[in-house]
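S.K.: can't give you the sequence, but here's the structure:
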């Protein structure tokens, strides 16, 4: 299944982790908050240099969530057995952005936060190069300018003063507590 969707219209929604069972099902990690976020999705997309758009659709016949929406078991139409499924380990999956509801006030897509400048006490200290979750808490990882050590900062009101998407920066507070 090919697609004419442009790169900037796609958003990474998760990654295939590993085969699940013998029939070609795959365990998928999803970067969503709730199952309903994927209610309009009928196919995931993978990067494919052979396609004009750079993406190829992978239709699925079944999407079953675990206890949390972070993981699901997916049965892709074109993957028939475990041997075929083995080739898909750790492949990022995408969907068109317009299939997701826009984030509410104060919420963001992870991809929109990556590579923003990190500011503290009116100085640029680095860039946001990762965001992950540990124990229900989201953590920014700042690649600090002129330092070899990265800085992990909780994404909460204590440490994040503002997210300024227009100026491509995040202003932080109280970072001296973490140094």
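M.R.: All right, it came through fine. Predicted, not measured: the structure shown is a model, and the values here were computed from it. Numbering: from 1, shown residues only.
S.K.: Give me the average confidence score over the helix or strand that contains residue 56.
M.R.: Element membership for residue 56 (DSSP states H and E) is strand 55-65. Averaging pLDDT along strand 55-65 yields 91.
S.K.: That strand packs against which elements?
M.R.: Other elements packing on strand 55-65 under the criterion 3 or more C-beta pairs under 8 Å, 6 or more residues apart in numbering; DSSP states H and E are strand 43-47, strand 71-76. Bear in mind the C-beta positions are built from the backbone N, C-alpha and C, glycine included.
S.K.: how much does that strand deviate in direction from strand 71-76?
M.R.: Put simply, strand 55-65 runs at 130 degrees to strand 71-76, going by axes from the mean of the first three to the mean of the last three C-alpha atoms, to 10 degrees.
S.K.: Any idea how far strand 55-65 is from the middle of the chain?
M.R.: Chain-centre distance of strand 55-65: 17 Å, with C-alpha atoms, centre = their mean, to the nearest Å.
S.K.: Buried ones in that strand, by neighbour count?
M.R.: 55, 56, 57, 58, 60, 63, 65 (16 or more other C-beta atoms under 10 Å).
S.K.: Tell me which of the helices and strands packed on strand 55-65 sits nearest to residue 32.
M.R.: Nearest of these to residue 32, taken as C-beta to C-beta: strand 71-76 at 9.5 Å.
S.K.: who's in contact with the closest one?
M.R.: For strand 71-76, the surrounding residues in contact (C-beta atoms under 8 Å, 6 or more residues apart in numbering) are 16-17, 20, 23-30, 44, 58-66.
S.K.: Ok, stretch 77-97 next?
M.R.: 5, 9-26, 28, 38, 41, 43-47, 55, 58-61.
S.K.: give me that answer again for 6 Å
M.R.: Applying C-beta atoms under 6 Å, 6 or more residues apart in numbering, the contact partners of stretch 77-97 are 5, 9-16, 18-19, 22, 24, 26, 41, 44-46, 59, 61.
S.K.: Switch the helices and strands packed on strand 55-65 over to CSV; also include mean pLDDT and mean neighbour count.
M.R.: Shown next, in CSV, are the helices and strands packed on strand 55-65 (pLDDT from 0 to 100; neighbours: other C-beta atoms under 10 Å):
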stretch, mean pLDDT, mean neighbour count
strand 43-47, 92, 20
strand 71-76, 92, 20
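S.K.: Go through these and name the closest to residue 117.
M.R.: Proximity to residue 117 (C-beta to C-beta) singles out strand 43-47 among the helices and strands packed on strand 55-65, at 27.1 Å.
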